[in-house]
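Undergrad: Structure of the sequence below:
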Amino acid sequence: MQHYRKFWLQIGFILCTSIFLSFPVSASEKIVIGILHRADFAYADMMQKAYSMALEVINKEGGVNGHPIKLVFADDRGKRREGQIAVEKLIVQNGAVMLVGGYSSSNTLDMARVADRRDRPFLVCTAADDRITQRQLLNIYRLNPPASEYANGLEKFMITRLNPSSMSIIYENSPYGTGGALQMMWFCRENDIAITAILPYHKERASEAYFKKILTHVQKDVPDVIYMVSYLKDAALLVKTIRALNIKSLLSGGAGGFTHEKFISLAGAAAEKTITATLWSPHLQYSGTQTFFQNFLKRYGIQPDYHGAEAYAALLVAADALRRAKSLQPKDIREALNATQMMTPFGPVQFKSYKNFQRQNRLPTQVLQIMNNRFETIWPLELATADFQP
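TA: Residues are numbered from 1 along each chain as shown. I've put the predicted structure just below:
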C-alpha cells in the first residue's frame with residue numbers, strides 16, 4: 001500500500017511540475033536549473049565557482065524575464081546508476097526546467113539518455129565523448145568541442161612548427177582517453193608520423209611503478225613526441241615519471257589534466273616545456289574573456305582554465321535561451337536553444353549539425369606551453385604570448 005501511495009505522490013508531483021512549466025511563474029518564483037556535477041572531479045571546485053559567478057551576473061541583470069534563477073547541484077559520482085538517479089532527482093524532486101553540466105564522459109551519455117527520455121533539455125559543457133551528440137537525442141546540446149576535435153589546434157601546430165617523425169601515445173583507458181588517442185592515431189597515419197607505441201592504462205592502477213613498467217616500451221624506441229590523454233593527477237605523475245627515466249621526447253598533453261594550474265605545481269620541474277592542447281585561453285579576443293579571467297582570479301586567487309570558462313559560459317547560454325523561450329515547456333526551450341547565436345567569454349555559441357553530430361557547438365582550439373612555471377599561448381600565432389621553446 002505504501003508503495004502505491006509513493007507512486008501516486010510522484011505522479012502528482014510530475015503533473016504539478018508540468019502545469020508549473022506551462023504557465024508564467026509568479027514574480028517571486030525562482031526558475032531552477034539543475035547542475036549535474038561530480039564532487040571528486042579535479043575541476044569540480046573551479047566549475048562550481050564559475051557557475052556561482054555566472055549566476056550572480058544573470059540574477060543581477062534581472063534573471064529570466066524578472067524571475068531569479070536558482071541552481072541545484074546533484075552529484076553523479078562518475079557512476080552510471082548514481083548519474084541516472086541525479087537526473088531523476090533534479091527533474092522530479094527539484095523541478096529543474098533544464099540541466100547543465102556533465103563532467104565524466106563515461107556516464108554523461110547515460111545521463112543524457114535519461115534526460116532525453118524525461119524530455120528535459122540538457123546542455124553538456126565538459127564531457128567530451130563524441131557519442132554524446134551523435135545519438136539523435138533531441139534534448140541534448142553540447143557547448144564544448146567533442147573529443148575528436150580537442151587537438152585540432154595542436155595538430156596544426158605539429159604540422160606547421162614541429163613536423164615530428166615519430167610519436168608514442170599514452171592514454172587513460174576510458175571513453176575520453178580512448179577518443180582522444182584514436183584521433184591522434186588517425187592524425188599520425190594521415191601525416192606519415194610513425195607510431196612507436198600505443199599504451200592505454202587503467203586509472204585505478206596509476207602509480208609510479210605502474211607507469212615505469214608501461215614506459216619500458218617507450219625507452220626502447222624513444223619518439224620525437226609523447227602524446228598523453230589524462231586527468232590531473234595522472235598527467236602530473238606521468239610527466240614526472242617520464243623525466244625521471246631521462247626520456248628526452250617533447251611531452252604533449254591532450255588538454256584534460258594538463259591545463260590546470262595545479263598541474264605545474266604537482267609535476268614540478270618536469271612540467272617545463274610541456275605543451276598541451278586547450279579549448280580556451282585567457283588571451284583569446286572574445287568579448288568578456290579578459291573580464292571573466294580577471295574577476296575569477298581576483299575573487300578566488302587561482303587562474304581558471306577552460307573548464308571554468310565552459311561552466312561560466314554554459315550558464316549564460318542557458319539563461320539566454322530561457323529568456324527567449326515562449327514558455328518553460330521543453331519544446332519551447334529547445335526552440336530557443338536551436339536559435340542560439342551569442343558570444344560568450346568561452347567563444348561564440350551556435351548549435352549545429354555536421355558530420356555525425358547534432359546540436360553541437362564548434363570552436364577552434366589552441367596550444368599552451370609551460371615556460372618558467374606558467375602557461376603561455378604558443379598557437380595560433382596571432383594569439384601567441386611567447387615563442388615555442390623546443
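Undergrad: Using CSV, write out every CA atom in stretch 162-171.
TA: Taking C-alpha atoms only, stretch 162-171 is exported to CSV below (Å, rounded to 0.1, in the frame of the first residue of the first chain):
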residue,chain,number,x,y,z
LEU,A,162,57.2,20.5,-35.2
ASN,A,163,57.0,18.2,-38.2
PRO,A,164,57.7,15.1,-35.9
SER,A,165,58.7,11.8,-37.5
SER,A,166,57.6,9.6,-34.6
MET,A,167,55.2,9.6,-31.7
SER,A,168,54.1,7.4,-28.7
ILE,A,169,50.6,7.7,-27.4
ILE,A,170,49.7,7.1,-23.7
TYR,A,171,46.1,7.4,-22.6
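Undergrad: Report the distance from that stretch to the chain centre.
TA: Taking C-alpha atoms, centre = their mean, to the nearest Å, one finds stretch 162-171 lying 24 Å from the centre of the chain it belongs to.
Undergrad: got a list of what the nearest residue to Ala147 once chain neighbours are set aside touches?
TA: Excluding its sequence neighbours, the residue lying closest to Ala147 (C-beta to C-beta, 6 or more residues apart in numbering) is Gly179, at 3.5 Å. The C-beta positions use only the backbone N, C-alpha and C, and glycine is treated the same way. Residues near Gly179 by C-beta atoms under 8 Å, 6 or more residues apart in numbering: 105, 128-130, 146-148.
Undergrad: One more pass at 7 Å, please.
TA: 128-130, 147-148 (C-beta atoms under 7 Å, 6 or more residues apart in numbering).
Undergrad: Surely it is in a strand?
TA: No - the assignment for Gly179, made by DSSP: H, G, I helix; E, B strand; the rest coil, is helix rather than a strand.
Undergrad: Quick check: it vs Leu137, distance?
TA: Gly179 sits 18 Å away from Leu137, going by C-beta to C-beta, to the nearest Å.
Undergrad: Which residues are in contact with the closest residue to Asp129 other than its chain neighbours?
TA: Closest residue in space to Asp129, ignoring its immediate chain neighbours: Ser105 at 3.6 Å, by C-beta to C-beta, 6+ apart. Each residue near Ser105 by C-beta under 7 Å, 6+ apart is listed here: 127-129, 174-176.
Undergrad: Distance to Ser281, neighbour count and secondary structure for the residues you listed - can I get that in a markdown table?
TA: Listed next are these as a markdown table, based on distance: C-beta to C-beta, whole Å; neighbours: other C-beta atoms under 10 Å; DSSP: H, G, I helix; E, B strand; the rest coil:
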| residue | distance to Ser281 | neighbour count | secondary structure |
| --- | --- | --- | --- |
| Ala127 | 21 | 24 | coil |
| Ala128 | 18 | 29 | coil |
| Asp129 | 24 | 25 | coil |
| Ser174 | 25 | 19 | coil |
| Pro175 | 26 | 21 | helix |
| Tyr176 | 21 | 26 | helix |
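Undergrad: wait, which of these is closest to Val218?
TA: Val218 lies nearest to Ser174 out of these, by C-beta to C-beta, at 20.7 Å.
Undergrad: wait, that closest one sits on Ser106?
TA: Yes - using C-beta atoms under 7 Å, Ser174 is in contact with Ser106, at 5.6 Å.
Undergrad: how about the nearest residue to Ile58, chain neighbours excluded?
TA: Closest residue to Ile58 apart from its sequence neighbours, by C-beta to C-beta, 6+ apart: Ala319 at 4.6 Å.
Undergrad: residues in contact with the helix or strand hosting that neighbour?
TA: Using DSSP states H and E, Ala319 maps to helix 306-324. Residues from elsewhere that reach helix 306-324 (C-beta under 7 Å, 6+ apart): 31, 33, 43, 46-47, 50-51, 53-55, 58, 64-65, 69, 98, 100, 123, 125-126, 143-144, 259, 278-280, 292, 296, 333, 336-337, 340, 342, 344-346, 349.
Undergrad: Can you flag which of these belong to helices?
TA: 46-47, 50-51, 53-55, 58, 292, 296, 333, 336-337 (DSSP state H).
Undergrad: Could I get the residues you listed in CSV, plus columns for pLDDT?
TA: Below are those laid out as CSV (pLDDT from 0 to 100):
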residue, pLDDT
Met46, 97
Met47, 98
Ala50, 98
Tyr51, 98
Met53, 98
Ala54, 98
Leu55, 98
Ile58, 98
Phe292, 98
Phe296, 98
Ile333, 98
Ala336, 98
Leu337, 98
